[in-house]
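>>> With the input below, show me the fold.
(4 chains)
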There are 2 protein chains.
Amino acid sequence: MFQPPTFTRGSIGSPAEATVITTVLTRGPISRVDIARMTGLSQAAVTKAARPFIDAGYIEELPNRERTAGAGRPASPLAFRADREFFVGIKITSDELIGVVTDLRAQILHSRHRTLGSHVFDHVAAQIVDLVGELLGHDPAYRERTHCMGVALSGDVDRASGTVRYSPFIGWKDVELAAHLTRATGLITTLENDVKALTVAEQWFGEGVDTATFALVTVGAGIGCGLVVGGQVVGGAYGVAGEIGHVPVADGGPPCHCGGRGCVEAIASTEAIVAASRRAAGRENLTMDDAVALARGGHEGVREVFSRAGHAIGLGLAAMVNLVGPERVVVSGEGVANYDLFEEQIRQTFVAQAFAAAAKCPLSIRPLPFEAWARGAAAVAVQTLFTL
Amino acid sequence: MFQPPTFTRGSIGSPAEATVITTVLTRGPISRVDIARMTGLSQAAVTKAARPFIDAGYIEELPNRERTAGAGRPASPLAFRADREFFVGIKITSDELIGVVTDLRAQILHSRHRTLGSHVFDHVAAQIVDLVGELLGHDPAYRERTHCMGVALSGDVDRASGTVRYSPFIGWKDVELAAHLTRATGLITTLENDVKALTVAEQWFGEGVDTATFALVTVGAGIGCGLVVGGQVVGGAYGVAGEIGHVPVADGGPPCHCGGRGCVEAIASTEAIVAASRRAAGRENLTMDDAVALARGGHEGVREVFSRAGHAIGLGLAAMVNLVGPERVVVSGEGVANYDLFEEQIRQTFVAQAFAAAAKCPLSIRPLPFEAWARGAAAVAVQTLFTL
DNA sequence: ATCATTAATTAATTGTGTCAAGAATTGAAT
DNA sequence: ATTCAATTCTTGACACAATTAATTAATGAT
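Take a look at the predicted model:
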């Protein structure tokens, strides 16, 4: 049975408890009957599984206000008390830490940035500990009701053991970060790859809620993809999965830092766009903002650069959808704010190259605030608490 | 509890029974202790779950011959009695039916081909029924101990309902083939997409046995891919998954019959190779065999055609592996017999374009006899009988 | 008021799988 | 030979989860 005071992994006592708690968490206020209908459990099982969470204050019974159906006892919907527990999410980037405090729905309540002076482990770890202290210090309730933390960074991360196997951008190899932070902060720490963490957030609290199989594509400095197949985040042997950025779409195209040629990332990453725009505009020190301004201003060469990037992303999406067959795809990332410039081209190429009915797969293209990465980390912490 | 006389789907009584039976089936003779260790069940549970299958004659206890360990009671390994039950597998192609009788391990015992005069449903169904009669008539034991049949064809197939949603090559749409054949033959019939069926065979009885995630790529008239992720065959929303043949790898390349451009299939399918070889050799009526002969004879233009095909397949493989991250990949198909001509190019391109450690993913390239497709169908029937 | 209807709870039942103890079968030590 | 240790398998008692069926609860319609 669910044991709130413990807060170790595996507080959940039974499959039914896990099912009920996740259903209430992701499907908002919902009556016991509906949970039973939705999950296939019996009503009795739902009643029993919900009780410990009600007792512990995670779930509350709402007084029913909506008089919908005609006769019959009105349902008393179960709702999550989102502020019963808080979570810390940390995203490590090359030059800064982004930290957030969230509620149980992984809604961001508070956020702080911190620049990172060096990539030495001790320094980064100390900065994280300090940032956590600052985040929790913002409100006494945070310190009191926070027990779990998620940390996300790019690279090959082993969530089970909490180690960074290999992260090129920060130069770490086989570092036991989670154990260290659990000791130093007193928060149970879960480590996860950043794209996978974002995918978990989307699966539990975003567009992935009702789908067994979907994909999240991030476009920005890198181009990545989190895949959920059959309700499970795809891990990938050899530490590789969802590398849509390295799908070869332009045979004999520009060389990519991965060693291949014509990868999506070699054409459509922020860096690639800036480099191509510099050549097109003939300006050595042109920035991404400049490129966007030129394209919006009608500069043909730079518009062409964005169009090619959109085309490459569309090809990568088509490859992914033809192979994996997700129900829907979310395209997101830091840069998507400007990406009105190639959304059209993405869609057009995708529809042209998607196989048969797969062209019907809906693409949601929307921007991604930087804090969302840290939110993903927090979502992983939430998931850790409520998964068997 | 497992009920042998019934032979409906769901003869299996409990998860433990399903686990034990599949372990014995796929891991050959194995002691109860090893099953327990391997599956996490208790020894007691294994003993209990194995009993009904022993009683029904599906499993027998082998007298232990291998004196391996020092002391202790010797194990009495459990082995499948492969000839306790037979299965029929049918593969429908454009111009013929291929039928096989297999044992419980999906080993082919007997096979027959039959040319198909027309694609009209009634005709095809009648031919299948007749072929089944012929197959089972070959040995009285077959007729006596066969209760399940698998049927495979390319296209969008709904296994659960046993209907062909849409199969372009034969021109069927929403046809309830399984129900019809179950009635007409008296064999419980399971319908499945041909590539998925082959994948199931590989998962249960081939290289997929010890892997949670792997891929099977078929190269021939079409180029397809069956994916197993987390132990489950990937289905794909919109009836599309594993369409590696329609991954766009040559931007602006030759048009494909799917409407896209530069698909793997537009470069590396048998048809595409023949067409390109005709242009290279300047011979209008050249066949695949001629092309192979020319290439082996050193004709530069035709060798180039095969090399380009291998390159396209390698790019498709790299895209798939980068996205899905399988533990291993099996490349197979009708044509692979000749494919010494581009195996080298496939491997070279794959290694160049696979991301980071994914290049270590082992590729097994091996030919595929035509009957293997029908064997896949039979494997699906076996799986149906022993899955909860 | 009474009844029909739907929601939630309770109690009895079913059934799976674990645990712990014991039986079976061998090799090694005395 | 006999005892002991090691290992496999079996058995029966038990814990526990989840279902079913019956009960209580709360509402609208007649």
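
>>> Quick check: which helices or strands does the helix or strand hosting residue A:178 pack against?
Element membership of residue A:178, judged by DSSP states H and E, is helix A:177-185. Counting contacts by 3 or more CB pairs under 8 Å, 6 or more residues apart in numbering or on different chains; DSSP states H and E, helix A:177-185 is packed against helix A:121-137, strand A:146-153, strand A:163-167, strand A:188-193. All C-beta spots, glycine's among them, are computed from the backbone N, C-alpha and C.

>>> relative to strand A:163-167, how tilted is the first one?
For helix A:121-137 and strand A:163-167, the angle between their directions (axes from the mean of the first three to the mean of the last three CA atoms, to 10 degrees) works out to 120 degrees.

>>> separation between whichever residue of the stretch 101-250 of chain A sits closest to chain B and residue B:230?
Going by CB to the nearest CB, chain B is nearest to residue A:236 of the stretch 101-250 of chain A, at 2.5 Å. Using CB to CB, to the nearest Å, we find residue A:236 at a distance of 11 Å from residue B:230.

>>> more neighbours, these two?
More neighbours surround residue A:236 than the other of residue A:236 and residue B:230, with 27 against 14 (other CB atoms under 10 Å in any protein chain shown).

>>> Tell me how far that one lies from residue A:117.
33 Å.

>>> what do residue A:236 and residue B:230 both touch?
Listed as contacting both residue A:236 and residue B:230 by CB atoms under 8 Å, 6 or more residues apart in numbering or on different chains are residue B:213.

>>> Tell me, how many residues neighbour the residue of the stretch 101-250 of chain A found nearest DNA strand C?
Proximity of the stretch 101-250 of chain A to DNA strand C (CB to the nearest atom of the strand) peaks at residue A:210, 20.2 Å away. For residue A:210, the neighbour count with other CB under 10 Å is 10.

>>> pretty sure it is in a strand, no?
No: assigned with DSSP: H, G, I helix; E, B strand; the rest coil, residue A:210 falls outside any strand and is coil.

>>> Report pLDDT for it.
Residue A:210 carries a pLDDT value of 87.

>>> wouldn't residue A:25 be in contact with residue A:106 here?
No: between residue A:25 and residue A:106 there is no contact under CB atoms under 8 Å: 9.6 Å.

>>> export the helices and strands packed on helix A:177-185 to TSV and tack on mean neighbour count?
As requested, the helices and strands packed on helix A:177-185 are exported to TSV (neighbours: other CB atoms under 10 Å in any protein chain shown):
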stretch	mean neighbour count
helix A:121-137	17
strand A:146-153	27
strand A:163-167	19
strand A:188-193	26
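
>>> Quick one, grab the pLDDT at the residue lying closest to residue A:176 once chain neighbours are set aside.
If the residues on either side of it in the chain are set aside, residue A:176 comes closest to residue A:163, at 5.0 Å by CB to CB, 6 or more residues apart in numbering or on different chains. Note for residue A:163: predicted pLDDT of 97.

>>> Residue A:54: helix or strand, and which one exactly?
Residue A:54 belongs to helix A:43-55 when assigned by DSSP H and E.

>>> Report the contact partners of residue A:327.
A:211, A:212, A:213, A:214, A:361, B:237.

>>> Then residue A:175?
Residues near residue A:175 by CB under 8 Å, 6+ apart: A:121, A:163, A:164.

>>> Apply 6 Å and report the result again.
Listed by CB atoms under 6 Å, 6 or more residues apart in numbering or on different chains, the contact partners of residue A:175 are A:121, A:164.

>>> If it is in a bridge, with which residues?
Here residue A:175 shows beta-bridge partners residue A:164, assigned using DSSP bridges.

>>> So it versus residue A:96, what's the distance?
Counting by CB to CB - residue A:175 and residue A:96 are separated by 19 Å.

>>> now residue A:124
For residue A:124 relative to residue A:96 (CB to CB), the value is 11 Å.

>>> what about stretch A:162-172, how long is it end to end?
Start-to-end span of stretch A:162-172 (CA to CA, to the nearest Å) is 13 Å.

>>> Any residues of chain A in contact with chain B? List them.
Proximity of chain A to chain B, by CB under 6 Å from any CB of the partner chain, involves residues A:229-230, A:232, A:234, A:236-241, A:243, A:246-248, A:250-251, A:258, A:260, A:315, A:318-320, A:322-323, A:325, A:327, A:353, A:355-358, A:360.

>>> How about the secondary structure of the spatially most distant residue from the centre of chain A?
Residue farthest from the centre of chain A, counting by CA atoms, centre = their mean, is residue A:71 at 42.8 Å. Put simply, residue A:71 is coil when judged by three-state DSSP.
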